[in-house]
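A.B. asks: Build the 3D model from these lines:
(one chain, ligands or ions: 1)
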Amino acid sequence: MELNGKIALVTGGNRGIGFALCRQLLDQGATVILIARDEGKGIEAADRLAPPAGRLVVYPLDVCDDTAAGQLAGFIAGRFGHLDDLINNAGVALDKFVPSSKLGVEGLRKTLETNVVGVFKITQALMPLLAASGQGRVVNVSSQLGSLSVMGGMLLAYRMSKAALNSMTRVWAAELADSNVLVNSVCPGWVRTALGGEDAPVTPTEGAAAILAMVTIDDDGPTGTFVRDGAVHPW
Ligand code: NAP
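C.D. replies: Here you go, the predicted structure:
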């Protein structure tokens, strides 16, 4: 599907995979709402993107903020009247190399608050605007590490958060089955970012392209799926 003239929102758009995705969405002709929790970092990212006039909006928002999602919805309704693409990309992995026996409750809570509750708040608040699009797409940036089928040890909080995120994908997709909003989870691969680390083999550009592929699916495209490397991945 063409993105020319579409309105796309990316959380965590100031760096890593989200930043690369903002660039690709702009290249495809979309207007991008770049969400950054730190406004200064968002503006800096926008400067680096050097977008065509009027096609990039930086909106400061912490996905853990309880009232921010409603305010964001009001802003988008006033400015654009609808939203075509929501990419829930912002995320944290706070328990890398931490065995479950050493995981602190605060780390678990913060991870779930960001990667799960934050996504829920944004998605719920923006759903009427996505429905108003007529061609709404929601892509939840998930991870193979959240797949129950191939679950390994360590990273309990992160794994739980992505498994829960995948549940959200399935439930929203089921509830929206008769609508024009398609909801999918994508694992971008192991990507060289602050979160993925410098040994990761996949570039942010490649990781973002995997997400873009699900943003651009046609109206008869999949919904309620989990995709990695261009193929359906086991939950
Ligand atoms: P990253 O470079 O660490 O970027 C994370 C982004 O999320 C940053 O923009 C960060 O903002 C933002 N963020 C974190 N907490 C936030 C909050 N409370 N409110 C708003 N924004 C927040 O990580 P990445 O590798 O690009 O990861 C992006 C997504 O891909 C994540 O959901 C991650 O789980 C997923 N993923 C990554 C990999 C990988 O190998 N890298 C693999 C599978 C899935 P600040 O700059 O302000 O911190």
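A.B. asks: Contacts made by the longest helix along the chain with the rest, please.
C.D. replies: The residue-count maximum for a helix in the chain (DSSP state H) belongs to helix 156-175. Outside helix 156-175, the residues within contact range by CB atoms under 8 Å, 6 or more residues apart in numbering are 88, 91-96, 98, 100, 103, 107-108, 111-112, 114-116, 119-120, 123, 138, 140, 142-143, 145-148, 151, 182-185, 223-226, 235. C-beta coordinates here come from the backbone N, C-alpha and C atoms, glycine included.
A.B. asks: Return only those of those found close to the ligand.
C.D. replies: The subset of the contacts of helix 156-175 within reach of the ligand, by CB under 6 Å from any ligand atom, is Gly91, Val92, Thr114, Ser143.
A.B. asks: quick one: contacts for the residue nearest to the second one when sequence neighbours are not counted?
C.D. replies: Translated: Val92. Distances taken as CB to CB, 6 or more residues apart in numbering put Thr114 closest to Val92, at 4.9 Å, once the chain neighbours are dropped. Neighbouring residues of Thr114 by CB under 8 Å, 6+ apart: Val63, Cys64, Ala90, Gly91, Val92, Ser161.
A.B. asks: 7 Å - rerun?
C.D. replies: Val63, Cys64, Ala90, Gly91, Val92 (CB atoms under 7 Å, 6 or more residues apart in numbering).
A.B. asks: Could you pull up the mean pLDDT of the longest helix of the chain?
C.D. replies: Across helix 156-175, pLDDT averages out at 98.
A.B. asks: for stretch 121-131, same thing?
C.D. replies: 98.
A.B. asks: buried set for that stretch?
C.D. replies: The neighbour-count check on stretch 121-131 (16 or more other CB atoms under 10 Å) flags Lys121, Ile122, Thr123, Ala125, Leu126, Met127, Leu129, Leu130 as buried.
A.B. asks: Run through the residues that contact the spatially closest residue to Gln28 that is not a sequence neighbour.
C.D. replies: Nearest residue to Gln28, sequence neighbours excluded (CB to CB, 6+ apart): Leu3, at 3.9 Å. Leu3 sits next to Leu25, Gln28, Gly29, Ala30, Thr216 when contact means CB under 7 Å, 6+ apart.
A.B. asks: how about 6 Å then?
C.D. replies: Gln28, Gly29, Ala30 (CB atoms under 6 Å, 6 or more residues apart in numbering).
A.B. asks: same check, this time on Leu182
C.D. replies: Arg137, Gly221, Thr223.
A.B. asks: now do Gly42
C.D. replies: Going by CB under 6 Å, 6+ apart, the list of residues near Gly42 reads Asn14, Leu34, Ala36, Val58.
A.B. asks: same thing but 7 Å
C.D. replies: Neighbouring residues of Gly42 by CB under 7 Å, 6+ apart: Asn14, Leu34, Ala36, Val58, Pro60.
A.B. asks: Same question for Gly136.
C.D. replies: Per CB under 7 Å, 6+ apart, neighbours of Gly136: Asp84, Leu130, Asn180, Val181.
A.B. asks: Selection in PyMOL covering whichever of the residues you listed are buried, please.
C.D. replies: Here is the PyMOL selection string for the buried members of the contacts of Gly136, based on 16+ other CB under 10 Å:
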select buried, resi 84+130+181
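A.B. asks: and the contacts of Gly136 as TSV, adding secondary structure?
C.D. replies: Below are these laid out as TSV (DSSP: H, G, I helix; E, B strand; the rest coil):
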residue	secondary structure
Asp84	coil
Leu130	helix
Asn180	coil
Val181	coil
